[in-house]
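*Asks:* this is a predicted model, with the sequence first.
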Amino acid sequence: MSLDRLIEKIAALQNPTVAGLDTRLEYVPESIRAESFGKFGRTLEGAADAVLTFNRGVIDALCGIVPAVKPQCACYEMYGWQGMRALRGTIDYAKKKGMYVIVDGKRNDIGSTMRAYAAAYLGETDVGGERIAAFGADALTVNGYLGTDGIRPLLDVCAGFDKGIFVLAKTSNPSSDELQNQSFEGGETLYEAMGRFCAEWGGSLPGRHGYNGVGAVVGATWPKQLKELREMLPETFFLVPGYGTQGGTADDVAPAFDGNGLGAVVNASRTLLCAWKERGAPEADYAKAAAAEAVRMRDAIRARVGAIRL
């Protein structure tokens, strides 16, 4: 099961974090941008080349520290098909370096459309009888609010290609409570209902380490709900966004973990990508600054959750 590979990588590095590659051109040092613009002009091609070059540097610096990366699709789509090529290049490079790759696409649809999303990011596309992986990620974030019709095609691909998904349950954004905290008759909230569905969907993808192949996205900015969902969903692995720049701390994410230091992977994006700016570091040290911040984040979380044991 795909999330077993993530869990084992987390244990090997003793680091339950993921680097969000929400890379924007303004995060990229001027020297890299100038080189890419020199080759391709101030074009989408030039922007995508700069983003990919930056990502490779970050991945080189983090691959021995952080078990996984999470590129955000929107940050690549904004640069057109050239940006999507940079996304594929980023996925390939991270996997070459031994990192687990979660594509943050938050895809949501039913029927043949969801089967197409599943094939694109996790499975294979039939091209005249040849089977080709379009993006080849290890996991994908998805929106489950269309119900089981939008999840079932993903479960089939996850089972067939050893992939995983993370379903939005309690998201980190401030206004998530407007809808996700609404209660049904009987008192169950919408985010609790989604968590319950995650557990049901995950039953078809059992894992080796107590967690199944359908994870849930639960934000670090909601520690009370994070604790509630961990108690409610003992076999559901969490992807926890909102650490760092969005305000989440090691204390906030601690309830996501079990007694073995397992149960979650915590995401930070701008905190790592822009560390060189925040630290006032030279442009040439952008990757070194990201690595130093990744170590600081790892150590802060480990101090709260303890050693990670399989």
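*Replies:* Received, thanks. Residues are numbered from 1 along each chain as shown.
*Asks:* helix, strand, or coil at Gly215?
*Replies:* Look at Gly215: counting by DSSP: H, G, I helix; E, B strand; the rest coil, its state is strand.
*Asks:* residue contacts, Ile308?
*Replies:* 10-11, 14, 16, 260-262, 302 (C-beta atoms under 8 Å, 6 or more residues apart in numbering). The C-beta positions use only the backbone N, C-alpha and C, and glycine is treated the same way.
*Asks:* please repeat the previous calculation with a cut-off of 10 Å.
*Replies:* Ile308 makes contact with 7, 10-16, 257, 260-263, 302, according to C-beta atoms under 10 Å, 6 or more residues apart in numbering.
*Asks:* kindly supply the ChimeraX command isolating those of these that are buried.
*Replies:* Of these, the buried ones can be selected in ChimeraX as follows, counting by 16 or more other C-beta atoms under 10 Å:
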select :7,10,11,13,15,16,257,261,262,263,302
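*Asks:* in stretch 100-111, what counts as buried?
*Replies:* Buried residues in stretch 100-111, counted by 16+ other C-beta under 10 Å: 100-109.
*Asks:* let me fix that, I meant to ask about stretch 273-292.
*Replies:* Across stretch 273-292, burial judged by 16+ other C-beta under 10 Å covers 273-276, 281, 285-292.
*Asks:* ditto for stretch 38-46
*Replies:* 40, 44-46.
*Asks:* pick out the most distant pair among the residues you listed.
*Replies:* Greatest spacing in these, by C-beta to C-beta: Phe40 and Leu44 (8.6 Å).
*Asks:* so what sits against both of these two?
*Replies:* Common contacts of Phe40 and Leu44, defined by C-beta under 10 Å, 6+ apart, comprise Gln82.
*Asks:* what's the neighbour count on Val265?
*Replies:* Residues near Val265, counting by other C-beta atoms under 10 Å, number 29.
*Asks:* relative to Arg152, how far out is it?
*Replies:* 25 Å (C-beta to C-beta, to the nearest Å).
*Asks:* same deal with Ala119?
*Replies:* With C-beta to C-beta as the criterion, Ala119 and Arg152 are 14 Å apart.
*Asks:* settle it for me: which of these two has more neighbours?
*Replies:* Ala119 (20 against 16).
*Asks:* helix, strand or coil for that one?
*Replies:* Three-state assignment for Ala119 (three-state DSSP): helix.
*Asks:* residue contacts, it?
*Replies:* Contacts of Ala119 by C-beta under 10 Å, 6+ apart are 125-126, 131-135, 153, 157, 161.
*Asks:* the spatially most central residue of the chain in helix, strand or coil?
*Replies:* Against the mean C-alpha coordinate of the chain, by C-alpha atoms, centre = their mean, the closest residue is Lys70 at 3.8 Å. Using three-state DSSP, the secondary structure recorded for Lys70 is strand.
*Asks:* and the pLDDT for it?
*Replies:* Note for Lys70: predicted pLDDT of 97.
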